[in-house]
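Engineer: the following comprises the amino acid sequence and a computationally predicted model.
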Amino acid sequence: MTRIIEFLIALGIVAGLFVVVGLVLPSERHLTESIETNRRMTIVYDTVNSLRRFKDWNPLVLRDPKIQLKLSGPDSGKGARLDYSSEEGYIGKGSWTITGSEPNSRVDIAIEDPTKGHDKTTSFTLQPTGRNNRNVKITQEYSVKYGWNLPGRYAGLYVTRHVGDDLKLGLSRMANMLSAVPNFDYRAEGAPLTDLKIVDVPAENLLTVNAGNIDRSNETIEKSIKDNQEWIKRVMDANGLEPAGPVRIVTTDFGAEKYAFDIAQPVKKKDGGDAAAELQVNIPGGAPVQYVHTEPRRSAFASYSGHMAGLDVARNSLRAWATTNGYDVVDRPYESWKGGVEKAFTQDGSYDVYWAIK
């Protein structure tokens, strides 16, 4: 009996110490980590104000490559949500939901997960830094509350090691991810692009000519386009075809001194019929023209107005926007020259810019 009493007294002392120490421990925890990137503020803000690239930087995906991710709500900003589910018990199920954002400044996110605590939040604060404010300092904060949950307060002793290490790793991966995005500010005042979006492009019939790798002078480029348009016109006339839209320029390589590209003309039968159906086209001997039937696809899209010399910036800006929003571009970009070839070499040029995505 004496031993039982001694055991109960010892147990009581341990329980008392547990309670006393638990009451002394903090009822909430707050962590902060920072990293710097040389990407434009627009790119950084759009990245953290959306959860589309969560899989490319968040450490959860490293811990379980089979984790299931599901996006819902708007593409970005308040209400954008990501739910995750893992068969790994220590990860389990949870969610991230953007609760508020201030353009180019701050994004707040609510977190639900199986770990102890409540009111879990993380936020990203963005601050211009470096020479001429060309860089961006990304600061991520994490907060969790335990209240009177004493086991939770004890769990908080390990937050710095567990969550803190994740903050460091996640920010490091985010910086590496951002470094692969073309550094073009597609939302800057006076930027070349408008109407940025993802569009569905139907099946099409094209007549194309490879212009080769020619000098990057306006006169040489314009002459090449017009000369090759004549070849395309001969093929159209020989096959009873007509334009199904403006001429396109498909860029292969835009170098410092040379420009490699194709001229492409969407076509259709003059007598109507299914515009998307594959055609039987006869190419006259000696004509450097090819017939191509394309399948339906999705594409990043934007409109641009101005001299064709600005199209290289427009293309790279469109790619930066697509990559930032979690889309992988494929194949070659092209522009539909809506204003015609002659106007393209003035400030009155008008174009739709496309870059196919996976």
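Structural biologist: Structure's in. What do you need?
Engineer: show me the contact partners of stretch 298-307.
Structural biologist: 186, 192-201, 310-311, 314, 317-319, 321-322, 327, 329, 335, 344-357 (C-beta atoms under 8 Å, 6 or more residues apart in numbering). For glycine as for every other residue, the C-beta is placed from the backbone atoms N, C-alpha and C.
Engineer: now stretch 40-56
Structural biologist: By C-beta under 8 Å, 6+ apart, stretch 40-56 touches 37, 61, 69, 71, 75-77, 80-82, 96, 98, 101, 103-105, 107, 124, 126, 128, 136, 138, 173-174, 177-178, 181, 183-188, 320-321, 324-326.
Engineer: which among the residues you listed end up buried?
Structural biologist: 37, 61, 76, 80-82, 96, 98, 101, 104, 107, 124, 126, 136, 138, 173-174, 177-178, 181, 184, 186-187, 320-321, 324-326 (16 or more other C-beta atoms under 10 Å).
Engineer: pLDDT on whichever strand or helix holds residue 143, on average?
Structural biologist: Using DSSP states H and E, residue 143 falls within strand 135-145. Mean per-residue pLDDT for strand 135-145: 92.
Engineer: what pairs with it, and is each one parallel or antiparallel?
Structural biologist: strand 28-37 (antiparallel), strand 118-129 (antiparallel) (DSSP bridges).
Engineer: adding distance to residue 340, write the ones you listed out as CSV.
Structural biologist: As requested, the strands paired with strand 135-145 are arranged in CSV below (distance: least, C-beta to C-beta, whole Å):
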stretch, distance to residue 340
strand 28-37, 41
strand 118-129, 41
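Engineer: if we can go back for a sec, quick one: buried residues of the strand holding residue 143?
Structural biologist: Buried residues in strand 135-145 (16+ other C-beta under 10 Å): 135-136, 138-145.
Engineer: how about stretch 37-46?
Structural biologist: Buried, per 16+ other C-beta under 10 Å, within stretch 37-46: 37, 39-46.
Engineer: which stretches of this protein have low pLDDT?
Structural biologist: Along the chain, the parts satisfying pLDDT under 70 run over 1-28, 146-163, 190.
Engineer: and residue 336, what element?
Structural biologist: Secondary structure (DSSP H and E) places residue 336 in strand 334-337.
Engineer: what is that strand packed up against?
Structural biologist: Applying 3 or more C-beta pairs under 8 Å, 6 or more residues apart in numbering; DSSP states H and E, we find strand 334-337 packed against strand 248-254, helix 311-324, strand 350-356.
Engineer: pairing partners for the last one, with directions?
Structural biologist: Yep, that's strand 350-356 we're talking about. Under the rule (DSSP bridges), strand 350-356 has strand 297-305 (antiparallel), strand 334-337 (antiparallel) as partners.
Engineer: with that, I have no additional questions.
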